[in-house]
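>>> got a structure for you, letters missing:
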């Protein structure tokens with residue numbers, strides 16, 4: 001498990017005075033401000049966020065030392081990371097996305113399906129993009145109790161019961 005967890009991203013500038021558009025990945029979106037200072041993915045840059053106001057799909061924020069639109073634009077696409085020990089402990093049935101990526105996925109019979117490549121969310125529920133074993137092909141597995149009854153972080157395994165039609169048919173006639 002990684003010591004850093006992605007809690008948001010800078011999605012561009014807002015206005016001409018160095019304000020930024022921030023997307024929060026936190027369960028309570030405003031909590032992103034509490035985890036400051038946040039770090040860039042490589043850990044070389046540190047950002048202290050001050051949320052100014054909510055906007056559609058995020059917040060307007062200020063970061064120390066960013067005073068122009070050009071400086072704000074240059075940070076567009078930057079992922080923001082907090083240290084794991086800054087974040088709240090999760091209940092047993094909740095997981096940070098970073099902890100799921102790379103886990104091996106087995107079916108309920110013990111056959112390796114593949115490994116989790118990414119965790120996606122397009123508005124409804126999370127989807128585990130799973131790279132199928134032995135191929136570069138991926139499938140999207142719903143991250144629900146029915147489709148994923150077991151997540152064992154200690155052993156790095158997920159037991160899945162994929163809905164009918166998600167996995168490619170193994171029979172080649």
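Arrived safely. Model, not experiment: these values are computed from the prediction.
>>> Name the residues of stretch 4-16 that are buried.
When burial is assessed from 16 or more other Cβ atoms under 10 Å, stretch 4-16 yields the following buried residues: 4, 5, 6, 7, 8, 9, 10, 11, 12, 13, 14. For every residue, glycine as well, the C-beta is placed using N, CA and C.
>>> Among the residues you listed, which one sits closest to residue 131?
Each of the buried residues of stretch 4-16 was checked against residue 131 using Cβ to Cβ; the closest is residue 6, at 19.8 Å.
>>> Show me what the helix or strand of the chain with the lowest mean pLDDT packs onto, helices and strands only.
Sorting the helices and strands of the chain by mean pLDDT, DSSP states H and E puts helix 97-100 at the bottom, at a mean of 86. Packed against helix 97-100 by the contact rule (3 or more Cβ pairs under 8 Å, 6 or more residues apart in numbering; DSSP states H and E) you find strand 4-14, strand 112-121.
>>> Quick check: buried residues in the helix or strand just after it?
Stepping forward along the backbone from helix 97-100, the first helix or strand reached (DSSP states H and E) is strand 104-107. Counting neighbours by 16+ other Cβ under 10 Å, one finds that the buried residues in strand 104-107 are 105, 106.
>>> before we move on, what about stretch 34-52?
Using 16+ other Cβ under 10 Å as the test for burial, stretch 34-52 gives 35, 36, 38, 39, 47, 49, 51.
>>> Just the mean pLDDT for it, thanks.
Within the predicted structure, the mean pLDDT of stretch 34-52 is 92.
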